[in-house]
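[1] any chance you can model this:
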Amino acid sequence: MDRKLTGAISTRPHADPETRRATRLLAMVHELHKAGYQRLRICPGLSHDKSEWRCLLIPAQDVLANGWMPLRADPELLYTSRDGSRYFGWEDAAQDDARQLAVRFIERCPDLARRVEGDDWAYAGWFAKILGAAEHGITPILFMGLHDLEVGITPSPPPPPDAPDMRRSATGARLILNEDLRVQDLPEPGARYEDQLAFCWSFDGYAWATRTGADMLEAARAAENQGLANCSLTGLRLIAFARQREEKFHDWAPAPAALFDAISGAIEEVRTRLITSGSRSPLV
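    Numbering: from 1, shown residues only. Here you go, the predicted model:
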């Protein structure tokens with residue numbers, strides 16, 4: 001990116017309509033940064049089939065230490081290329097420029113605007129360069145599909161000054177090491193999906209993928225394909241985490257029953273091993 005854009009100045013709107021609309025959204029964020037709302041961050045990327053660009057607006061306090069991955073997401077603050085000029089469902093903003101969109105944002109999202117007030121010059125500087133690249137048609141991409149990491153597409157932003165405690169998972173839940181896992185940390189047999197979440201989130205599959213260089217979803221599928229009885233404890237916990245993430249980011253549509261079955265199956269296999277080992281975690 002640096003070599004291609006060194007010294008280049010954008011002098012006209014990009015020819016592609018989708019790129020122009022995406023750049024207008026990014027320019028809106030830049031205007032908000034200029035007005036003192038520098039704690040507003042973006043989480044941009046592609047859908048799983050790479051057919052649409054997506055950009056979630058998120059306050060810095062809800063972002064992990066990698067600078068862009070959200071602890072939680074508000075679907076009303078998600079823009080996708082299929083929305084066209086209907087930014088966040090605003091029917092009256094199709095002709096707005098970036099400054100007008102920024103004014104509407106402050107008026108229509110007052111709670112979020114208050115949360116993102118404040119200086120973050122490191123992020124604002126990173127963002128200015130990303131906006132410059134977008135004006136040349138290089139739309140920022142930090143993830144593909146279900147927040148799978150794609151290194152090197154867009155440089156990662158600096159971490160928030162108050163990044164969340166990394167002893168917690170990407171969801172904000174308490175992490176539990178394999179060697180500390182106990183039967184009482186599991187949901188009851190036959191528990192509802194909502195009651196399984198804390199266990200799913202007690203393992204950070206994103207951090208595991210970053211450390212190992214593996215694709216989280218592919219690794220989870222490989223673990224399932226070899227049979228739960230043959231999985232390591234880490235493999236079982238990876239399945240529960242990955243399938244829960246897949247359910248959450250299932251394109252805002254109902255997830256297939258197989259995802260829930262995979263989570264329940266992994267939990268019950270973990271339970272069997274903990275009971276067999278006397279409620280202490282087998283280090284496998």
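
[2] just the residues contacting stretch 16-23, thanks.
    Outside stretch 16-23, the residues that touch it by C-beta atoms under 8 Å, 6 or more residues apart in numbering are Pro13, His14, Trp53, Cys55, Ser81, Gly84, Ser85, Leu131, Ala134, Glu135, Gly137, Thr139. For the C-beta atoms, the positions are set from N, CA and C on the backbone; glycine is no exception.

[3] report the distance from that stretch to the chain centre.
    Chain-centre distance of stretch 16-23: 22 Å, with C-alpha atoms, centre = their mean, to the nearest Å.

[4] in it, what counts as buried?
    Thr19, Arg21, Ala22, Thr23 (16 or more other C-beta atoms under 10 Å).

[5] need the helix or strand of the protein with the lowest average pLDDT.
    Lowest mean confidence among the helices and strands of the chain (mean pLDDT, DSSP states H and E): strand 148-149, at a mean of 44.

[6] quick one: mean pLDDT over the helix or strand that comes right after that strand.
    Next along the chain after strand 148-149, taking DSSP states H and E as the criterion, comes helix 193-201. Averaging pLDDT along helix 193-201 yields 92.

[7] buried stuff in the helix or strand harbouring Lys129?
    Applying DSSP H and E as the criterion places Lys129 in helix 121-134. Residues Tyr123, Ala124, Trp126, Phe127, Ile130, Leu131, Gly132, Ala133, Ala134 are the ones in helix 121-134 that count as buried (16+ other C-beta under 10 Å).

[8] need those in CSV with pLDDT, can you?
    CSV is the format used below for these (pLDDT from 0 to 100):
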residue, pLDDT
Tyr123, 97
Ala124, 98
Trp126, 97
Phe127, 98
Ile130, 96
Leu131, 96
Gly132, 94
Ala133, 93
Ala134, 95
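
[9] where along this structure do the helices fall?
    2-5, 17-34, 98-108, 110-115, 121-134, 193-201, 205-212, 216-225, 233-248, 257-276 (DSSP state H).

[10] where does the stretch 151-284 of the chain have low pLDDT?
    Across the stretch 151-284 of the chain, the ranges flagged by pLDDT under 70 are 151-152, 163-172, 210-213, 249-254, 278-284.

[11] again, only using 50
    151-152, 280-284 (pLDDT under 50).

[12] number of nearby residues for the closest residue to Ala98 other than its chain neighbours?
    Take Ala98 and drop its neighbours on the chain: the residue closest to it by C-beta to C-beta, 6 or more residues apart in numbering is Ala27, 3.5 Å away. Using other C-beta atoms under 10 Å, Ala27 has 18 neighbouring residues.

[13] any idea of the pLDDT on Ala27?
    Value for Ala27, per-residue pLDDT: 98.

[14] again, but for Ile9
    83.

[15] report the contact partners of it.
    Neighbour list for Ile9: empty [criterion: C-beta under 8 Å, 6+ apart].

[16] cheers, nothing more for now.
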